[in-house]
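K.L.:
fold the following and give me the result.
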Amino acid sequence: MHKPRTLFDNFMLFVKGLAMGAANKVPGVSGGIVAFVTGFYEELIYSLQHVNGKAFKLLLNGRFKSFFRYVNGTFLILIFSGSVFSYFSVSLVLDYFLTHYELFVWSAFFGMILGSIVYIGRQFNDWSTKNIIGIVLGISLGVGISFMNPAKENDNLLFVFFCGIVGVTGMTLPGLSGSFILILLGNYVLLLVDSVNMLYRTILDVFEGDFSFLTDVVRLHYLKIIGSFTAGSAFGLVVTSQILGYVLKRWHQLVTAVIIGFISGSLGTVWPWKETVYKRVDGVYVYDTAGHKIIENYHRYIPDFGRKETWLAFGFVILGIIIVLGLDYYGKQRKKGK
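P.N.:
Below you'll find the predicted structure:
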């Protein structure tokens, strides 16, 4: 897991972090799938698993180099710096394309998830009764989550902390979209739009030497929310990685079976042909602080095969499949080259 990496390898880790961060922000898409398909999922889980008592003991004793090596620090920094950077770069570009070319973006995502199923399925070779049950269970959970109705927004800090724990699972569980879970919990806009915007404004104010936000009750409330959400996310990452690291070592094939099923079941969430249902109060649309309508859920339908747009969308589905399988092929060729 700790093999020496070239400068190019480190750059590619950062790029993979960008892709994972962008995927995590899109409702219905799982950053964990990016980690799984691009080949760093297990290293991510095992590296996070090392953020434990021994790591903190090394840190408290001032053994910083040993701590850094123990937690696979270079890897974690590159992945998470890429993920954070994507929120202010790649995800903004993605937001633009989702606004103007929604059908084609969802089609590409749909194709990438289909390709992911093929990719993971190739590595799966144990079709025992136990693993088939795992696949069925995964499909059932994925489908069930896809069609749940969202709750109302809740800014209670304990609930926000819980949202952080649940929302971050999209990074550690392929097929489970943390953003979509936040929509179901009613807090997607509050946590990933409004609070992030307030944090961004606060960072700009600090760099400009303006600390007037310290007397702004509304701003401070949002900063408390983003702080609680971040703490919950960090806690969730460490805890879920400990659990997943344990089960991956002992029941690797069964976990893979459940993941295959879960990703298959989540296809309903990213089905390209759907209409966005926006939140209304007394018949009037509700907007977030950025001026966007708040998403409540999706209404899915069968495409019209008589329209050119439908066939173009199918082209993007195929493109998505090619991207994933192409990454797989590229990775195998690089291994052969070494």
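
K.L.:
which parts of the stretch 201-338 of the chain are helices?
P.N.:
Secondary structure of the stretch 201-338 of the chain (DSSP state H, counting those that start in this stretch): helices located at 217-250, 252-265, 308-337.

K.L.:
so of these, which one's packed in deepest?
P.N.:
helix 252-265 (a mean of 22; mean count of other Cβ atoms under 10 Å). Where C-beta positions appear, they are placed from N, C-alpha and C, glycine not excepted.

K.L.:
just how off-centre is that helix within its chain?
P.N.:
17 Å (Cα atoms, centre = their mean, to the nearest Å).

K.L.:
which helices and strands does it pack with?
P.N.:
helix 102-122, helix 129-146, helix 217-250 (3 or more Cβ pairs under 8 Å, 6 or more residues apart in numbering; DSSP states H and E).

K.L.:
and the ones you listed as CSV, adding distance to residue 258 and mean pLDDT?
P.N.:
Output for the helices and strands packed on helix 252-265, formatted as CSV (distance: least, Cβ to Cβ, whole Å; pLDDT from 0 to 100):
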stretch, distance to residue 258, mean pLDDT
helix 102-122, 11, 83
helix 129-146, 4, 86
helix 217-250, 9, 86
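
K.L.:
out of the ones you listed, which gets nearest to residue 68?
P.N.:
helix 217-250 (16.9 Å; Cβ to Cβ).

K.L.:
for the closest one, which helices and strands make contact with it?
P.N.:
Applying 3+ Cβ pairs under 8 Å, 6+ apart, one finds that helix 217-250 contacts helix 41-49, helix 157-167, helix 169-172, helix 195-207, helix 252-265.

K.L.:
can you rerun that using 6 Å?
P.N.:
When contacts are defined as 3 or more Cβ pairs under 6 Å, 6 or more residues apart in numbering; DSSP states H and E, helix 217-250 sits against helix 41-49, helix 157-167, helix 169-172, helix 195-207.

K.L.:
looking at these, which one has the lowest mean pLDDT?
P.N.:
Ranked by mean pLDDT, the helices and strands packed on helix 217-250 end with helix 169-172 at the bottom, a mean of 72.

K.L.:
please save the CA atoms from it in PDB.
P.N.:
The C-alpha coordinates for helix 169-172 follow below in PDB (Å, rounded to 0.1, in the frame of the first residue of the first chain):
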ATOM      1  CA  THR A 169     -20.600   7.600   3.500                       C
ATOM      2  CA  GLY A 170     -20.700   8.400  -0.200                       C
ATOM      3  CA  MET A 171     -16.900   8.500  -0.100                       C
ATOM      4  CA  THR A 172     -16.500   5.200   1.600                       C
END
